[in-house]
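S.K.: The following block contains a protein sequence and its predicted model.
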Amino acid sequence: VARVTIEELDDVDQLRELWLQLHHHHRSVSPVQPFVDDETSWTERRKGYVEIIAAGGFALAARVGGELAGYALVKMHDEVDDSWQLGSPYAEVWTLVVDERHRGEGIGSALLDEVDARLERAGVHGLVIGVMVGNEGARRLYERRGLTPGWLQLYRTAPDSSG
Ligand SMILES: CC(C)(COP(=O)(O)OP(=O)(O)OC[C@H]1O[C@@H](n2cnc3c(N)ncnc32)[C@H](O)[C@@H]1OP(=O)(O)O)[C@@H](O)C(=O)NCCC(=O)NCCS
């Protein structure tokens, strides 16, 4: 899409609203319930983002007319995976989300293209992306890009403590 620009972003506080859109999307598609509340979710997510960026990861922002319309946040793994041959370092797309007003316009694909281009320039080959069970749209997108499902995690949740 011609009017979309993608650039690196270091102020993670701008990502709260889009993260919560993803949190709500996850809550609506996941067979595992209940979910944590928005404040808890963003507080914990933000902590992880700060650590990931400090350790060599990066965030890419997609903008439409200057407005934030999506982001990809990528973690770099320095360790060697104990199962699959991913190379070292390898990368993990920790978050990908596009504003619900702009989904299906190619922005998510453009973000992933830029992630791939940066990794290629850095000589990084291995890439991992987690997708929740139930999030079939995202899974289809990743599989179409050549990634193969390789891990399924099962959950037992804690009793609801909010009420
Ligand atoms: C998944 C997501 C990042 C893809 O970005 P996008 O800009 O909508 O995707 P693109 O336009 O580049 O590509 C379209 C493909 O994305 C996938 N997709 C997932 N959710 C979608 C949605 N709500 N609308 C349109 N496409 C969606 C589909 O595979 C679609 O291809 P299809 O035509 O075969 O269905 C975006 O739809 C989104 O933010 N969804 C909700 C949050 C989410 O699931 N994030 C991924 C977490 S692992």
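M.R.: Great, that's in hand.
S.K.: so what's Asp81 scoring on pLDDT?
M.R.: Per-residue pLDDT puts Asp81 at 98.
S.K.: what residues does the longest helix seen in the chain touch?
M.R.: Assignment by DSSP state H gives helix 38-54 as the longest helix of the chain. With contact meaning CB atoms under 8 Å, 6 or more residues apart in numbering, helix 38-54 is reached by 10, 12-13, 15-16, 19-20, 23, 35-36, 59, 73-76, 94-95. Placement of C-beta: from N, CA and C, glycine included.
S.K.: Now for the residue of the chain at minimum distance from the ligand: which residues touch it?
M.R.: When distances are taken as CB to the nearest ligand atom, the chain reaches nearest to the ligand at Gly108, 2.0 Å away. The neighbours of Gly108, taking CB under 8 Å, 6+ apart as the test, are 70, 96, 98, 141.
S.K.: circling back: the longest helix of the chain and the ligand, any residue contact?
M.R.: No. Remark: helix 38-54 sits outside contact range of the ligand, by CB under 6 Å from any ligand atom, the gap being at least 12.5 Å.
S.K.: who in the protein is up against the ligand?
M.R.: So the chain meets the ligand at 22, 25, 96-98, 103-109, 131, 135, 137-138, 140-141 (CB under 6 Å from any ligand atom).
S.K.: Need the buried ones from those residues selected in PyMOL.
M.R.: The buried residues among those can be selected in PyMOL (16 or more other CB atoms under 10 Å) with this line:
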select buried, resi 22+25+96+97+98+103+105+107+108+131+135+138+141
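S.K.: The residues of the chain next to the ligand in helices, which ones?
M.R.: Those of the residues of the chain next to the ligand lying in helices (DSSP H): 22, 25, 107-109, 137-138, 140-141.
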